[in-house]
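> what follows is a predicted protein model with its sequence.
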Amino acid sequence: MKRKKIKYDCLKCTGYCCSYDRIEVSEKDIKRLAKYFGMAEQDVKSRYTKTYKLKENNEITLEQILRHKKDHIFTSVCKFLDSDSRQCTIYEARPKVCRQYPNTTRCGYYEFLKFERKQQDDKSYYPTF
Ligand code: SF4
Ligand code: SF4
């Protein structure tokens, strides 16, 4: 079967998807990160993640999400995003949701970035939020 061509380039992006408030990490992701850092799973959990209370239909579900840090483009981003290069510093060990995103051949933010860069005639331009 022919593979569909990917129409975005994360290497030219500022990492918008890494600015999402809720970037979920599963137990399997924690295990992978613990192995990557050579740390205990509990230490990875407390140092790099926090618990988020998801309220839906009068029910509360607890989920583990990645911690954030301040950012000059998006206010805050995942702790693991390099603020200057805008690349993931734990690429091989990143959580499953990061591997899957955007789950399609196009990325809406990248389309927007490409459009703005063309308008500004500046290949490195980025809007701030
Ligand atoms: S998936 Fe989209 S928003 Fe995320 S880094 Fe790649 S191009 Fe940027
Ligand atoms: S783990 Fe990496 S890819 Fe995932 S949100 Fe953080 S910086 Fe982005």
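Received it, and whenever you're ready, just let me know what you need. Ligands and ions are numbered 1, 2, ... in the order given.
> please count neighbours and contacts with C-alpha atoms only from this point.
Noted.
> strands of the chain, residue ranges please.
49-56, 59-66, 68-71, 75-78 (DSSP state E).
> nearest to Thr104 among the ones you listed would be which one?
Nearest to Thr104 among the strands of the chain is strand 75-78 (21.9 Å), distances taken as CA to CA.
> show residues contacting that closest one.
Strand 75-78 is contacted from outside by 18-21, 66-71, 129, using CA atoms under 8 Å, 6 or more residues apart in numbering.
> hmm, that strand touching ligand 1?
No - on the criterion CA under 6 Å from any ligand atom, strand 75-78 is out of touch with ligand 1, staying 11.7 Å away.
> that strand pairs with which strands, and in what direction?
Strand pairing for strand 75-78, using DSSP bridges, gives strand 68-71 (antiparallel).
> buried ones in the partner strand?
68, 71 (16 or more other CA atoms under 10 Å).
> what's the mean pLDDT across that strand?
For strand 68-71, mean pLDDT is 98.
> circling back: need the contacts of strand 75-78 in a markdown table (columns: distance to Gln42).
Formatted as a markdown table, the contacts of strand 75-78 follow (distance: CA to CA, whole Å):
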| residue | distance to Gln42 |
| --- | --- |
| Cys18 | 23 |
| Ser19 | 24 |
| Tyr20 | 24 |
| Asp21 | 22 |
| Leu66 | 14 |
| Arg67 | 15 |
| His68 | 18 |
| Lys69 | 20 |
| Lys70 | 24 |
| Asp71 | 27 |
| Phe129 | 34 |
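> quick check, nearest of the residues you listed to Cys98?
Distance to Cys98 across the contacts of strand 75-78 (CA to CA) is lowest for Cys18, with 8.2 Å.
> and the closest one, how far from ligand 1?
Per CA to the nearest ligand atom, to the nearest Å, Cys18 is found 7 Å from ligand 1.
> contacting residues around Arg86?
Contacts of Arg86 by CA under 8 Å, 6+ apart are 13-15.
> give me every residue in this protein lying close to ligand 1.
8-10, 13, 15-17, 101-102, 107, 109-110.
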